[in-house]
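[1] One predicted model, sequence on top.
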Amino acid sequence: MTVRIAAVGDVHVGLDFRGRLGPGLTQAGTCADVLLLAGDLTRVGAPEEARVLVEELSGVSVPVVAVLGNHDLHADRADEVVGELRDGGVQVLDGDSTVISVDGWSLGVAGVIGFGGGFAGRSASEFGEPEMKAFVRRTVDAARRLEHALGALDTDVRVALLHYAPVPDTLGREPAEIHAFLGSYLLAEAVDRAGADLVLHGHAHRGTERGMTPGGIKVRNVAQPVIDAPFRVFELQPGPRQLRVPPVNGDDAPPSARSTRQAHGVWQ
Amino acid sequence: MADPTEYRLARLQEALTHDPRVHDQSLEVRVEGDRVVLRGELATPERCQAAISVAKEIFPDATVVADLKVSAARPRGTPPERL
């Protein structure tokens, strides 16, 4: 028995996309139990673009779970984008999680867009100008919410779904000068603290597929330009549950209590 | 006096980000002598053509070399990875 996860990011759907993405994505229903979308779903974050994506997803027969990406925020209409996606049956995560039942097993997905800041030894600090402090705080907050959402899951398989990269391993040919805008080590640290079976992200179009957090959790960059396919499929064997590290910042409820509720993000 | 090449290259990158026909930040852009090279992947053939047009508008005297792939409408998936 395996849990099969199809995933793709950075599809950048525009109004010119009708009929172009659907035929490929529809295959997810035959080879996976869920389809995860790792952000940059639209070109500029217009609700009309989200509506086109929903049309393209109409043939997908498995649950679809998504996080937004930076392109989806550009038009400052993220609430409307999320509304279109939700009306179309797509579950959008932002610092929260969802549980999907797969043949008696439970798959938990915790999602957050994430943000930049860079990687250990070469990262931005919450210091100096208000704008710099706000930049880093956004990542700190995303990492905190990811850790809470993952820690609240008590499922057979747990996946972290991000847009920004948690490790530099999967940045491939991206110039080192822009790594700080592509992800942050804080996201990997959050995953390592809370535990997960797999981390998926997009955003780095010139990246490579495979990486690992310092704690040994597999990371996969599923940006469509990287995977060169409609989606990737990952098969995970549910095994003995890991020892869970309680989330930071005062959430001291026992695992049994935490498993019955979900964190709530701003898109709720 | 014409803009130094370096500034025009920066303007090209900005234009690719903001031009409504492209809206892309991922393309690799560089100048090699009298050639402007665009490399990367865009979702549709129309966006690739638009990126070339944008480059020609900013570097009208250069030869634009486009090493661009189209990512939408890929026919089928790949074998699963067992983790």
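    Done, it's in.
[2] Now A:Asp72: which helix or strand?
    In the assignment (DSSP states H and E), A:Asp72 maps to helix A:70-73.
[3] I meant A:Ile100, not that one.
    strand A:96-102.
[4] Okay, helices next: where are they in chain A?
    Remark: helices assigned in chain A by DSSP state H are A:22-25, A:28-31, A:47-56, A:70-73, A:78-87, A:130-151, A:185-194, A:224-227, A:255-258.
[5] buried stuff in the longest one?
    Which is helix A:130-151. A:135-136, A:138-139, A:142-151 (16 or more other CB atoms under 10 Å in any protein chain shown). Quick note: C-beta positions are derived from backbone N, CA and C, even for glycine.
[6] And the first one, by the same measure?
    By neighbour count with 16+ other CB under 10 Å, helix A:22-25 contains the buried residues A:22, A:24-25.
[7] ditto for the fifth one
    By 16+ other CB under 10 Å, the buried positions in helix A:78-87 come out as A:78, A:80-82, A:84-86.
[8] on contacts alone, who are the packing partners of that helix?
    On a contact count with 3 or more CB pairs under 8 Å, 6 or more residues apart in numbering or on different chains; DSSP states H and E, helix A:78-87 meets helix A:47-56, strand A:90-92.
[9] and the last one, what's its mean pLDDT?
    Looking back up the chat, that one is strand A:90-92. In this model, strand A:90-92 carries a mean pLDDT of 98.
[10] Next: the longest one.
    Averaged over helix A:47-56, pLDDT sits at 97.
[11] Just confirm yes or no for that helix near chain B.
    No: using CB under 8 Å from any CB of the partner chain, we find that helix A:47-56 stays clear of chain B, coming within 9.8 Å at best.
[12] Provide the contact partners of that helix at residue level.
    Outside helix A:47-56, the residues that touch it by CB atoms under 8 Å, 6 or more residues apart in numbering or on different chains are A:11, A:13-15, A:17-22, A:25, A:41-43, A:72, A:77, A:80-81, A:83-85, A:87-90.
[13] Could you pull up the contacting residues of residue 3?
    You didn't pick a chain, so chain A it is. Counting by CB under 8 Å, 6+ apart, A:Val3 makes contact with A:33, A:102, A:105, A:107, A:156-157, A:235-238.
[14] wait, chain B
    Contacts for B:Asp3 (CB under 8 Å, 6+ apart) come out as B:Arg11.
[15] Sticking with it, tell me its helix or strand.
    Counting by DSSP H and E, B:Asp3 is found in no helix or strand.
[16] cool, the one 10 residues further on as well?
    Applying DSSP H and E as the criterion places B:Gln13 in helix B:5-18.
[17] Would you mind extracting the C-alpha trace of that helix into PDB?
    Extracted C-alpha coordinates of helix B:5-18, given in PDB (Å, rounded to 0.1, in the frame of the first residue of the first chain):
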ATOM      1  CA  THR B   5      24.500  47.900 -22.200                       C
ATOM      2  CA  GLU B   6      24.400  47.000 -18.500                       C
ATOM      3  CA  TYR B   7      21.500  49.300 -17.800                       C
ATOM      4  CA  ARG B   8      19.600  48.200 -20.900                       C
ATOM      5  CA  LEU B   9      20.000  44.600 -19.800                       C
ATOM      6  CA  ALA B  10      18.500  45.600 -16.400                       C
ATOM      7  CA  ARG B  11      15.600  47.400 -18.300                       C
ATOM      8  CA  LEU B  12      15.000  44.200 -20.300                       C
ATOM      9  CA  GLN B  13      14.700  42.100 -17.200                       C
ATOM     10  CA  GLU B  14      12.300  44.700 -15.700                       C
ATOM     11  CA  ALA B  15      10.300  44.700 -19.000                       C
ATOM     12  CA  LEU B  16      10.000  40.900 -19.000                       C
ATOM     13  CA  THR B  17       8.700  41.100 -15.500                       C
ATOM     14  CA  HIS B  18       6.100  43.800 -16.100                       C
END
